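> take this sequence and fold it.
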Amino acid sequence: MKTCISLNLIHNYQHKIGLIIIIFCIYGCVNSPPSDDLLERNDGNNCCFILNEGIRSADNASISKYNFDNNSYTNYYFRKSNNNLKLGDNANDIMLYDSLVFVSVSGTGVIEVFNIFDGKFRGRITFPKWTMPRRMVLVNDTLCFVSSYVEYSDYYLYYFNPSDLLSSQQAINDNKILVGSHPEGLCYDSLHRRLYVVNSGYGNIDYDNPTASTISIIDIDSKTEITKIKTDVNPNRIYLANGKLYVICWGLYSEGDKGSIIEYEINTMTITRLWFANAYDICFNKTQDSLYFINSTWDFVGSSGIYLIDLNEIDPVPQLIIPNPNKYDMWTAIQINFADNSLWVANSFRFNSDGEIMIYDRYNGLILRRKFFVGNIPNNIRFVQ
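Numbering: from 1, shown residues only. Predicted coordinates for the structure are as follows:
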């Protein structure tokens with residue numbers, strides 16, 4: 001665990017003045033919660049799960065669990081709860097349902113399921129060969145959708161029953177809907193009973209595919225694609241907030257990324273507002289009238305860090321509220337804890353070391369309250385409260 005002053009430094013100072021300086025520095029540092037080596041068994045309703053993607057082909061995806069009951073955390077929570085059972089290779093998404101946690105692991109081609117209270121393994125859905133599950137969305141007790149990449153084939157949206165893992169496994173080969181190239185983010189519109197899926201084209205890999213850079217609109221009842229709508233290049237995530245759709249496009253690496261945030265009117269699918277930014281991840285406040293996003297650009301549009309868009313304004317300009325002091329550190333997840341209104345931000349550094357969670361106090365000038373280390377490439381933050 002990262003501390004502000006190494007204990008070895010204390011031994012280097014024998015004089016009283018040195019000790020006074022050390023004590024002053026310790027009290028001036030950001031708090032880091034204690035690591036929790038003894039797994040908690042009764043905090044499933046007051047915790048946070050951080051999904052750590054891991055480096056592809058390194059088999060080092062993991063779960064970190066933060067316990068609000070005593071403000072402690074456990075890294076490699078799934079592994080420690082299951083006799084060193086690894087989560088798998090390249091975890092992409094985490095979904096909470098009832099007393100279960102679902103994790104899509106694309107490199108291994110599975111969805112792992114464990115108990116929300118004690119982390120114990122509860123089951124697994126194994127996808128067809130070469131299929132890589134990506135993002136998930138829960139519709140109801142018996143229906144969940146997951147986007148996927150399928151090598152050497154078409155691209156599908158799969159669906160399963162989260163309440164019955166056995167029947168889901170038996171039907172997974174057939175329970176699929178043809179969509180566009182390399183589907184990623186998806187969201188559910190309960191009012192119109194439609195699902196919206198963004199087809200990324202996987203950046204430069206398949207950008208010239210006619211189905212790339214599109215939004216697939218799925219009818220839930222018939223489980224068919226109604227239409228595809230062209231959007232900006234390399235869409236990766238899509239959100240529904242206050243009757244509007246927000247699509248996050250990452251752009252192409254070959255063109256310096258040049259990403260965007262696009263707001264759509266959901267009934268007509270017309271663009272109402274657009275902001276140029278390399279938004280890696282976004283979240284909304286509780287009333288969904290403020291949009292926060294991570295700008296992970298390297299000097300393309302503005303500075304890297306956290307930006308705020310006031311959606312109540314007619315033509316809002318993104319405002320930098322938390323600058324990233326090191327533009328080469330990649331911040332990769334953002335979420336608001338509505339219990340205390342704090343802003344949680346994940347730092348993956350340069351994707352080659354353990355990541356870090358930074359917690360900012362939104363009630364007190366966005367002061368950095370505390371931070372703690374997690375696994376490699378933290379990409380999702382999910383609160384259970």
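> where do the helices sit along the stretch 151-300 of the chain?
Secondary structure of the stretch 151-300 of the chain (DSSP state H, counting those that start in this stretch): helices at 165-171.
> low-confidence regions, it specifically.
Where the stretch 151-300 of the chain drops to pLDDT under 70, the residues are 151-152, 256-257, 297-300.
> from what I can see residue 127 touches residue 110, true?
Yes: using Cβ atoms under 8 Å, residue 127 is in contact with residue 110, at 6.6 Å. From N, CA and C alone the C-beta is placed, and that goes for glycine too.
> what about the nearest residue in space to residue 354 that is not next to it in sequence, neighbour count?
Excluding the flanking residues, the one nearest residue 354 by Cβ to Cβ, 6 or more residues apart in numbering is residue 373, at 5.2 Å. When neighbours are counted by other Cβ atoms under 10 Å, residue 373 registers 18.
> could you report the pLDDT at residue 373?
pLDDT for residue 373: 97.
> give me the beta-bridge partners of it?
residue 356 (DSSP bridges).
> kindly report the same for residue 123.
residue 113.
> contacting residues around it?
Counting by Cβ atoms under 8 Å, 6 or more residues apart in numbering, residue 123 touches 113, 165, 166.
> check the burial of the last one by counting its neighbours.
I take that to be residue 166. For residue 166, the number of neighbouring residues by other Cβ under 10 Å comes to 10.
> can you pull the contacts of it?
residue 123.
> distance of residue 380 relative to residue 316?
27 Å (Cβ to Cβ, to the nearest Å).
> more neighbours: these two, which one.
Legend: neighbour count by other Cβ under 10 Å for residue 380 and residue 316, higher for residue 380 (22 against 15).
> just checking, that one touches residue 101?
No: taking Cβ under 8 Å as the definition, residue 380 is not a contact partner of residue 101, at 11.2 Å.
> overlap of the contact sets of these two?
With Cβ under 8 Å, 6+ apart as the test, residue 380 and residue 101 both reach 49, 94.
> re earlier: need the contacts of residue 123 in JSON lines (columns: distance to residue 224).
Shown next, in JSON lines, are those (distance: Cβ to Cβ, whole Å):
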{"residue": "113", "distance to residue 224": "28"}
{"residue": "165", "distance to residue 224": "25"}
{"residue": "166", "distance to residue 224": "26"}
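> and which of those residues is nearest residue 296?
residue 113 (30.7 Å; Cβ to Cβ).
> who's in contact with the closest one?
Here residue 113 is in contact with 100, 101, 102, 103, 121, 122, 123, 124, 125, 165 (criterion: Cβ under 8 Å, 6+ apart).
> which ones are touching the last one?
Spelled out, that is residue 165. Here residue 165 is in contact with 113, 122, 123, 124, 125 (criterion: Cβ under 8 Å, 6+ apart).
> assign residue 79 to helix, strand or coil.
Assigned by DSSP: H, G, I helix; E, B strand; the rest coil, the conformation of residue 79 is helix.
> pLDDT score for the spatially closest residue to residue 183 that is not a sequence neighbour?
Nearest residue to residue 183, sequence neighbours excluded (Cβ to Cβ, 6+ apart): residue 147, at 3.9 Å. Note on residue 147: pLDDT of 97.
> in this structure residue 147 contacts residue 132, no?
No: in this structure residue 147 lies outside contact range of residue 132 using Cβ under 8 Å: 9.5 Å.
> with neighbour numbers in mind, choose between the two.
Neighbour count, other Cβ under 10 Å: between residue 147 and residue 132, residue 147 has more, with 28 against 20.
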